[in-house]
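Engineer: Quick one: sequence plus predicted model below, questions after.
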Amino acid sequence: MTSASDAPQARALGEQQALDEHETPDEHAISLHVNGQPFSASVEPRLTLADFLRERLNLTGTHLGCEHGVCGACTVLLEGAPVRACLMFAVQADGAQLTTVEGLADGERLSTLQQSFQAHHALQCGFCTPGILTTAHAFLKTNPSPTPDEVRHALSGNLCRCTGYIPIVEAVLDAAAIMRTTGVADG
Ligand code: FES
Ligand code: FES
């Protein structure tokens, strides 16, 4: 996976001066944290958050399916809450703390939720998986002991075209059980 710091068009804080010199009248300077790392960039107002993450920060784990707020593939966490990155502009994330699917793991070590998806084979093509993981991650923080129906409701805004919903729900329930047993929550 390419590191966000390798992205050609975004710069870590500290290089703000160089960025501002390239800012055009039609662009806005933004600063934000993504997966705990600070970034600043100059962006056109029309640039969506999803395109900013994918094209400017090279965080391509955030997927684009419908691009109009229906499928949930682009779900990222804004201050810990799930948002559709295809429906937000990058300028709206100025000053925010964002978490993408790349931020759920601890380096090479997958989160409990991710390990549970792996154990339950809770993906087929995997296109929906980043959005489902970010949604479920936030959900389990608010409801650490969910029922199967509550998991299904929480994930009802995330469409899986491979229709792998049964193992997905089982993976979320199992991850919740493991986190309750160990007392260690993801991230
Ligand atoms: S790509 Fe954003 S909801 Fe489908
Ligand atoms: S695993 Fe293919 S879209 Fe969900």
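Structural biologist: Cool, the structure landed. Note that this is a predicted model, so its numbers are computed, not measured. Ligands and ions are numbered 1, 2, ... in the order given.

Engineer: same for the longest helix anywhere in the chain, what does it pack against?
Structural biologist: Looking across the chain with DSSP state H, the single longest helix is helix 165-182. Judged by 3 or more Cβ pairs under 8 Å, 6 or more residues apart in numbering; DSSP states H and E, the packing partners of helix 165-182 are helix 112-119, helix 129-142, helix 148-154. Glycine gets a C-beta too; all of them are placed from N, C-alpha and C.

Engineer: Mind putting those into a markdown table with distance to ligand 1?
Structural biologist: Putting the helices and strands packed on helix 165-182 into a markdown table (distance: least, Cβ to the nearest ligand atom, whole Å) gives the following:
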| stretch | distance to ligand 1 |
| --- | --- |
| helix 112-119 | 20 |
| helix 129-142 | 8 |
| helix 148-154 | 16 |
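
Engineer: For residue 82, find the nearest of those helices.
Structural biologist: Minimum separation from residue 82 across the helices and strands packed on helix 165-182 (Cβ to Cβ) falls at helix 129-142, 5.0 Å.

Engineer: And that closest one, what's buried?
Structural biologist: Neighbour-count burial for helix 129-142 flags 129-140 (criterion: 16 or more other Cβ atoms under 10 Å).

Engineer: any idea how far the residue nearest to the spatial centre of the chain is from ligand 1?
Structural biologist: Per Cα atoms, centre = their mean, the C-alpha nearest to the average position across the chain is that of residue 100, at 2.6 Å. To ligand 1, residue 100 is 13 Å away according to Cβ to the nearest ligand atom, to the nearest Å.

Engineer: What distance do you get for that residue to residue 135?
Structural biologist: Residue 100 is 13 Å from residue 135, where distance means Cβ to Cβ, to the nearest Å.

Engineer: what do you get for residue 145?
Structural biologist: 17 Å.

Engineer: next one: residue 75
Structural biologist: From residue 75 across to residue 135, the span is 5 Å (Cβ to Cβ).

Engineer: Which residues of this protein lie near ligand 2?
Structural biologist: The interface of the chain toward ligand 2, taken as Cβ under 6 Å from any ligand atom, is made up of 123-128, 160-162, 164.

Engineer: who wins for neighbours among these?
Structural biologist: Neighbour counts for the residues of the chain next to ligand 2, by other Cβ atoms under 10 Å, peak at residue 128, which reaches 26 neighbours.

Engineer: which residues touch the closest residue to that one other than its chain neighbours?
Structural biologist: Nearest residue to residue 128 in three dimensions, chain neighbours excluded: residue 160, at 4.4 Å (Cβ to Cβ, 6 or more residues apart in numbering). With contacts defined as Cβ atoms under 8 Å, 6 or more residues apart in numbering, the neighbours of residue 160 are 124, 128, 132, 168.

Engineer: Which members of those residues are the farthest-apart pair?
Structural biologist: Maximum pairwise distance among the contacts of residue 160 (Cβ to Cβ): 12.1 Å, between 124 and 132.
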